[in-house]
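**Student:** Fold the following.
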Amino acid sequence: MTLHTERVGHGPVSYVFLHGLLGQGKNWSTIAKALSPAASLLVDLPDHGRSPWSDEVTYEGMAAAVIDLLRTLGEPVTLVGHSMGGKVAMLVALTEPTLVRRLVVVDISPVVRATDDFTVYLDAMRSLDLSAITTRADADALMREAAPDPTVRAFLLQSLQRTGTGWAWRPHLDGLRRGLSAIGGWPDVSGTYEGPVLWLRGERSAYVTPDASPAMRALFPKVRLVTIKDAGHWVHADQPEVLTDSLAHWVAAT
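**Tutor:** Now for the predicted structure:
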């Protein structure tokens, strides 16, 4: 599978960014531009954005597609992943450690976690009558009950695109809904990644809890946990400058 990417900056690729569930590579645009002139690749993971759809949504499949991409770059990179993309990044580092110079995991842990919120979001998106929508505001109103938070709603609706015949969703909603239990899970993996790992969590997020620390440290012995104040789960959207500074300082030190 050839993944869709967008490049920011110049020269050899230093950073590769992976988004979370129902996101797109461009979610990382602000961070990548702040790190320029260092070059970054913003990746649309399988079943998201402009990347191809898969027959079955699994972390192994997503990691394999990212590994194929990293092999084309020639040099190991700093691999950054948020939420679902963080789990993909962890699996890539454990599977092909020579491709990953450093690993950055944003607000997720290598453990099983509930996906109740995304069940609601996906079901609402799938049931939306796209033929009844004239404007994006129409879609926003119809999604309000499932996603009362306007920030979350805006995040979900970024995947709604106007086509020549109306409106359509970019992500493979049916496939992602079928694969939701796998997305909430964590593959049975062994071994460790011995490179440096920055583990960022949002202060207001419930995605990284103290009971996940043993699992994280067992797989990633050189992990450093940093809490970003006044940030929820979408840390890079809530506190982009703080995240960029934390990332840049850590990279310089490692």
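
**Student:** Against which helices or strands is the lengthiest strand in the chain packed?
**Tutor:** In the chain, taking DSSP state E as the definition, the longest strand is strand 10-18. Counting contacts by 3 or more CB pairs under 8 Å, 6 or more residues apart in numbering; DSSP states H and E, strand 10-18 is packed against helix 29-35, strand 38-43, helix 59-71, strand 77-82, helix 84-95. C-beta here means a position set from N, CA and C on the backbone, and glycine is covered the same way.

**Student:** For the stretch 101-250 of the chain, which segments count as helices?
**Tutor:** Counting by DSSP state H, counting those that start in this stretch, the stretch 101-250 of the chain has helices at residues 116-127, 136-142, 150-157, 173-178, 180-184, 213-219, 235-238, 240-253.

**Student:** Include distance to Tyr15 and mean neighbour count when you put the helices and strands packed on strand 10-18 into a markdown table, please.
**Tutor:** Output for the helices and strands packed on strand 10-18, formatted as a markdown table (distance: least, CB to CB, whole Å; neighbours: other CB atoms under 10 Å):
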| stretch | distance to Tyr15 | mean neighbour count |
| --- | --- | --- |
| helix 29-35 | 6 | 19 |
| strand 38-43 | 4 | 23 |
| helix 59-71 | 12 | 19 |
| strand 77-82 | 5 | 27 |
| helix 84-95 | 11 | 26 |
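
**Student:** Relative to Pro76, which of the helices of the stretch 101-250 of the chain is closest?
**Tutor:** Closest to Pro76 of the helices of the stretch 101-250 of the chain is helix 240-253 (CB to CB; 12.9 Å).

**Student:** Give me the buried positions along the closest one.
**Tutor:** Buried residues in helix 240-253, counted by 16 or more other CB atoms under 10 Å: 240, 242-244, 246-247, 250-251.

**Student:** quick one: it to chain centroid distance?
**Tutor:** Here helix 240-253 is found 18 Å from its chain centre; the criterion is CA atoms, centre = their mean, to the nearest Å.

**Student:** Which elements pack onto it?
**Tutor:** For helix 240-253, the helices and strands in contact under the criterion 3+ CB pairs under 8 Å, 6+ apart are helix 29-35, strand 100-106, strand 197-202, strand 223-228.

**Student:** For the nearest residue to Asp107 once chain neighbours are set aside, list the residues it contacts.
**Tutor:** Among residues not flanking Asp107 along the chain, Tyr207 sits closest, at 4.9 Å (CB to CB, 6 or more residues apart in numbering). Going by CB atoms under 8 Å, 6 or more residues apart in numbering, Tyr207 touches 83, 107-109, 113, 201, 233.

**Student:** Which of the helices of the stretch 101-250 of the chain has the highest mean neighbour count?
**Tutor:** Of all the helices of the stretch 101-250 of the chain, helix 235-238 carries the top mean neighbour count, a mean of 22, counting by mean count of other CB atoms under 10 Å.

**Student:** if we can go back for a sec, reformat the helices and strands packed on strand 10-18 as a markdown table; add mean pLDDT and distance to Gly164.
**Tutor:** Compiled in a markdown table, these are given as follows (pLDDT from 0 to 100; distance: least, CB to CB, whole Å):
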| stretch | mean pLDDT | distance to Gly164 |
| --- | --- | --- |
| helix 29-35 | 97 | 26 |
| strand 38-43 | 98 | 26 |
| helix 59-71 | 98 | 29 |
| strand 77-82 | 98 | 32 |
| helix 84-95 | 98 | 31 |
